[in-house]
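Novice: quick one, what's the 3D model for this:
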Amino acid sequence: MFYDRRQRKPSVTACLGGLLAAAAVALAAYAAHGQVDALGQSRLQSAALYAFGHGIALTALTAGTTRRMGRTGLYLLLLGTLLFSGSLALSVLADVSGKFAPVGGIALILGWVVWAIDAVRR
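Specialist: Down below sits the predicted model:
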C-alpha cells in the first residue's frame with residue numbers, strides 16, 4: 001500500500017500505539033534492571049510484551065483501517081492494552097490490585113475478533 005503523504009491525516013491511534021511501544025521498552029528496562037522481585041519482574045515483562053506488541057499493531061494497522069467496525073476493533077485493542085498492561089504494571093509499581101487485567105485481556109481478544117471480521121468484510 002502506498003499512501004500520498006498529503007492525503008493522510010494525523011492519527012491519534014497510531015500516535016498512542018507508538019507511545020505504548022516506547023513505554024513498553026522503558027517498562028522492560030525497569031523490569032530487567034530495577035525490579036529485584038521475581039514475580040514483579042515477570043509481571044512487568046508480561047505488561048511490556050503486551051504493550052509493545054499491541055502498540056506496534058496499532059501503529060501499523062491504523063492507516064489501512066478506515067471502516068467503523070475496524071476502528072472499533074483498534075479502540076478495543078487500545079483499551080485492552082491500557083487495562084491489561086496498566087493493571088499488571090500498577091500492581092507491581094504502586095502495589096495496586098491487578099483486578100482489571102482480565103477485563104483488559106477480554107477487550108484485547110474482542111478487539112482482534114472485531115478487527116478480523118472487518119478485514120474479511122472489506
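
Novice: for residue 91, which non-adjacent residue is closest in space?
Specialist: In space, residue 91 comes closest to residue 98 once its chain neighbours are excluded; the distance is 3.6 Å by C-beta to C-beta, 6 or more residues apart in numbering. Bear in mind the C-beta positions are built from the backbone N, C-alpha and C, glycine included.

Novice: sorry, wrong one. I was asking about residue 25.
Specialist: residue 52 (6.9 Å).

Novice: report the buried residues of the helix or strand that the one you found is a member of.
Specialist: Under the criterion of DSSP states H and E, residue 52 resides in helix 38-62. The neighbour-count check on helix 38-62 (16 or more other C-beta atoms under 10 Å) flags 40-41, 43-48, 50-55, 57-59, 61-62 as buried.

Novice: and for residue 81, the neighbour number?
Specialist: 27 (other C-beta atoms under 10 Å).

Novice: quick one: contacts for it?
Specialist: Listed by C-beta atoms under 8 Å, 6 or more residues apart in numbering, the contact set of residue 81 reads 20, 50, 51, 54, 55, 58, 104, 108.

Novice: which residues are contacting the helix holding residue 52?
Specialist: With contact meaning C-beta under 8 Å, 6+ apart, helix 38-62 is reached by 11, 13-14, 16-25, 27-28, 30-32, 35, 74, 77-78, 80-81, 84-86, 88-89, 91-93, 98, 108, 115.

Novice: can you flag the buried ones in these?
Specialist: So, by 16+ other C-beta under 10 Å, the buried ones in the contacts of helix 38-62 are 11, 13-14, 16-17, 20-21, 23-24, 27-28, 30-31, 35, 74, 77-78, 80-81, 84-86, 88-89, 91-93, 98, 108, 115.

Novice: what about these, which are in helices?
Specialist: 13-14, 16-17, 20-21, 23-24, 27-28, 30-31, 74, 77-78, 80-81, 84-86, 88-89, 91-93, 108, 115 (DSSP state H).
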